[in-house]
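>>> how does the following fold in three dimensions:
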Amino acid sequence: MQADGFVPYHERNIVLIGFMGAGKTTIGKVLAAKLSREFIDVDELISTERGMPVTEIFRTLGEEAFRRMEKEYIRELCLQKRDAVLSVGGGAFLQEEIRDLCMANAAVFLMDIPWEQWKTRLPLIRDSRPILQNKTDEEIRALYETRQAIYERHHFKVDAGSQTPEAAAQAMADWLNERQ
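Down below sits the predicted model:
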């Protein structure tokens with residue numbers, strides 16, 4: 001920590017944000033290994049600790065209950081943990097409190113993927129993402145567009161659409177190294 005209280009980015013947790021299916025988990029695992037950090041998928045952590053998949057939490061408890069859990073877990077991880085790579089769900093940054101907390105206490109990386117590339121992934125993820133179920137392609141596109149504005153608050157944008165996970169992880173590691 002510097003004398004002014006600022007914690008350098010390379011000493012903070014890393015938070016990966018972006019639309020569902022953008023590669024946060026895949027790239028995050030590569031980055032965590034590269035930096036010798038723990039990788040934590042917040043959705044997976046919630047699912048494991050609650051004993052049910054996120055889709056079941058959405059179905060039985062509702063999205064609002066899930067968002068409260070998500071905020072609680074992210075707050076705890078951001079404030080009490082260091083040296084981790086956190087993958088947060090695609091909707092986590094919808095909550096202003098989470099955005100503010102992450103921006104102040106972590107290095108936030110946006111996994112950016114253009115719509116045309118992302119929509120090729122849709123058949124692979126549609127059934128496993130509760131927010132996509134029962135939505136038309138047009139509704140999904142509108143959701144994608146709405147969330148892009150939310151993702152504009154970040155420290156560094158990573159091209160997750162055309163790079164390999166290794167190249168994307170290296171770009172993030174390079175960004176952190178430049179700030180040491």
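>>> and the residue nearest to G91 when sequence neighbours are not counted, what helix or strand is that in?
Here the nearest residue to G91 in space, its sequence neighbours aside, is I131; by Cβ to Cβ, 6 or more residues apart in numbering that works out to 6.4 Å. All C-beta atoms are positioned from the backbone trio N, CA, C, and that covers glycine. Using DSSP states H and E, I131 is not contained in any helix or strand.
>>> and I131, its phi and psi?
When read as degrees, to the nearest 10, the backbone of I131 gives phi -70, psi -20.
>>> next: the one 3 residues further on.
Dihedral angles phi and psi of N134 (degrees, to the nearest 10) take the values phi 70, psi 20.
>>> can you give me the neighbour number for it?
In terms of burial, N134 registers 7 neighbours under the definition other Cβ atoms under 10 Å.
>>> from R59, how far out is the residue nearest to G91?
In this structure, I131 and R59 are separated by 12 Å, where distance is defined by Cβ to Cβ, to the nearest Å.
>>> with neighbour numbers in mind, choose between these two.
I131 (18 against 13).
>>> check contacts around the more buried one.
Contacts were defined as Cβ atoms under 8 Å, 6 or more residues apart in numbering; by that measure I131 touches 20, 58, 63, 90-91, 143.
>>> what lies in contact with the helix or strand hosting Y73?
Counting by DSSP H and E, the secondary-structure element that holds Y73 is helix 63-80. Applying Cβ under 8 Å, 6+ apart, the external contacts of helix 63-80 come out as 13, 15, 40, 42-43, 45-46, 50, 54, 57-58, 84, 86, 88-89, 91-92, 94-95, 97-98, 101-102, 105-106, 130-131.
>>> thinking again about what came up before, the contacts of I131: which two are farthest apart?
Pairwise distances across the contacts of I131 (Cβ to Cβ) peak at 14.6 Å, for the pair F58 and L143.
>>> about what we covered before: take the contacts of I131 and keep only those in helices.
By the criterion of DSSP state H, membership of those in helices covers 58, 63, 143.
>>> export those residues to JSON lines and append columns for pLDDT and distance to E166.
Shown next, in JSON lines, are the ones in helices among the contacts of I131 (pLDDT from 0 to 100; distance: Cβ to Cβ, whole Å):
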{"residue": "F58", "pLDDT": "88", "distance to E166": "33"}
{"residue": "E63", "pLDDT": "88", "distance to E166": "34"}
{"residue": "L143", "pLDDT": "89", "distance to E166": "29"}
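>>> who's in contact with stretch 39-53?
Stretch 39-53 has contacts (Cβ under 8 Å, 6+ apart) with 24-25, 28-29, 31-33, 54, 57, 60, 66, 69-70, 73-74, 77, 84-89, 92.
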